[in-house]
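Engineer: A structural model of the following input is requested.
(one chain, ligands or ions: 2)
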Amino acid sequence: MIKKKVLVTGGAGFVGSHLCDRLLKEGNEVVCLDNYFTGQKQNIVHLMNNPYFELIRHDVTMPFFIEVDEIFNLACPASPIHYQYNAIKTMKTSVMGAINMLGLAKRIKARILQASTSEVYGDPQVHPQVETYWGHVNPIGERSCYDEGKRSAETLFVNYHKQNNVKIKIIRIFNTYGPRMHPHDGRVVSNFIVQALKGEDITIYGDGEQTRSFQYVDDLVEGMIRMMASRDEFTGPVNIGNPNEFTIKYLAELVIKLTGSKSKIVRMPLPSDDPTQRQPNIDLAKKELEWEPKIQLNEGLLKTIDYFASII
Ligand code: NAD
Ligand code: UDP
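Structural biologist: Ligands and ions are numbered 1, 2, ... in the order given. The predicted structure follows:
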């Protein structure tokens, strides 16, 4: 018997495809909605023969009508290169996508989870980042279409909850990596692994002393499932990330070591507004969701290296 009918927007993307896998495995019916801007059919092709999986080409900036029990709203490009390619569209996707999905959730009384981001903290002046920190975002900078779009989406979620009693869940996702990242995605983990496997130069932007905390995708999916299943009163926002923080230079050296590559490290200019540090405080997720990441960097990188080695 089918447990729930679940809509996943952005389901053909990196994170969305893993979430679809997990939801189907747990006996749910899944509707995957995507416009294939950064996602690809390849990520979900293995699900096409599953009668409980349905794929719909649709853009979340346009209204969408369906009957489901739960909505996971992931549609939005996540890599800086892709979200800056058409900044206006990125903002429309976050804001109009949120309005359309919240309107749907309100009408059909579905629970709805928003994939927000650590980028709402901008270039943070509080370290590590706690959910009560309001952030430090340049509203007119290169990254603002994404950061402010996601901040506006959080505002919309909170107000649909207050005004219309929509059952909302907001998670703030920190840098996540794993199999099915696009090889030309542009984010640091996929860039370094692809460069190392091809024997190309490893491109560190800036001095490499900036930090990030990398989470393996399976840990994120577990956090998403637990958040959706949490008590109604717990709306978030809640940080979902791995608190182990590393410099980008360390990541480059580790990828070279794990791949046994002969690649050299080269320096490139640091993009503007690139955050200098990022690390989640996950006390709230531990308390409310009894969740914490299980897969550490070495293990997750090895799985991701295996994946890229199989496709390039
Ligand atoms: P991704 O780019 O691989 O996936 C995004 C998916 O959304 C793609 O399949 C894309 O085609 C689809 N999409 C984009 N615009 C759309 C639109 N207008 N209509 C319909 N579909 C659209 O990125 P990801 O890493 O899988 O990220 C998924 C979500 O998680 C995003 O909302 C992202 O902001 C959030 N997030 C991810 C990370 C991370 O490190 N991966 C960190 C923070 C937040
Ligand atoms: N970065 C890098 N080389 C690359 C890609 C990214 O040094 O080839 C740096 C980037 O400047 C940033 C960090 O790695 O400091 C993480 O970048 P990513 O785009 O993965 O995520 P975000 O900046 O959004 O956290």
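
Engineer: list the contacts for the closest residue to ligand 2 within the stretch 1-150 of the chain?
Structural biologist: Ligand 2 sits closest to Pro80 of the stretch 1-150 of the chain, with a gap of 4.8 Å, by C-beta to the nearest ligand atom. Every C-beta, even on glycine, is put in place using the N, C-alpha and C of the backbone. Residues counted as contacts of Pro80 (C-beta atoms under 8 Å, 6 or more residues apart in numbering) are 142-143, 146, 186-187, 271.

Engineer: quick one: it from Leu55, how far?
Structural biologist: If you measure Pro80 against Leu55 using C-beta to C-beta, to the nearest Å, the figure is 27 Å.

Engineer: Can you tell me which residues in this structure are near ligand 2?
Structural biologist: 80, 175, 187-188, 191, 203-205, 210, 212, 248, 270-271, 274 (C-beta under 6 Å from any ligand atom).

Engineer: Within reach of ligand 1, which of those are there?
Structural biologist: Asn175.

Engineer: Show me what the helix or strand encompassing Thr304 is packed up against.
Structural biologist: Assigned by DSSP states H and E, Thr304 belongs to helix 297-311. Helix 297-311 sits against strand 176-177, helix 188-198, strand 215-216, helix 248-259, with contacts defined as 3 or more C-beta pairs under 8 Å, 6 or more residues apart in numbering; DSSP states H and E.

Engineer: please redo it, this time with the cut-off set to 10 Å
Structural biologist: Applying 3 or more C-beta pairs under 10 Å, 6 or more residues apart in numbering; DSSP states H and E, one finds that helix 297-311 contacts strand 176-177, helix 188-198, strand 215-216, helix 217-228, helix 248-259.

Engineer: Name the stretch among those that sits most buried.
Structural biologist: Highest mean neighbour count among those (mean count of other C-beta atoms under 10 Å): strand 176-177, with a mean of 26.

Engineer: can you tell if that strand touches ligand 1?
Structural biologist: Yes: Strand 176-177 reaches ligand 1 (C-beta under 6 Å from any ligand atom) through Thr176.

Engineer: who touches that strand?
Structural biologist: Contact with strand 176-177 is made by 14-15, 18, 78, 117-118, 185, 187-190, 192-193, 212, 214-221, 223, 240-242, 251, 297, 300-301, 303-304, as judged by C-beta atoms under 10 Å, 6 or more residues apart in numbering.

Engineer: tell me the mean pLDDT for it?
Structural biologist: Strand 176-177 comes out with an average pLDDT of 98.

Engineer: Could you do stretch 194-209 as well?
Structural biologist: Averaged over stretch 194-209, pLDDT sits at 98.

Engineer: From the opening residue of that stretch to its closing one, how far?
Structural biologist: 21 Å (C-alpha to C-alpha, to the nearest Å).

Engineer: Around ligand 1, which positions in the stretch 51-200 of the chain sit nearby?
Structural biologist: Counting by C-beta under 6 Å from any ligand atom, the residues of the stretch 51-200 of the chain near ligand 1 are 59-61, 74-78, 93, 97, 115, 117, 173, 175-176.

Engineer: what about 8 Å?
Structural biologist: Within the stretch 51-200 of the chain, the positions adjacent to ligand 1 are 58-61, 73-79, 82-83, 89-90, 92-93, 97, 115-119, 146, 150, 172-177, 180-182, 185, 187 by C-beta under 8 Å from any ligand atom.
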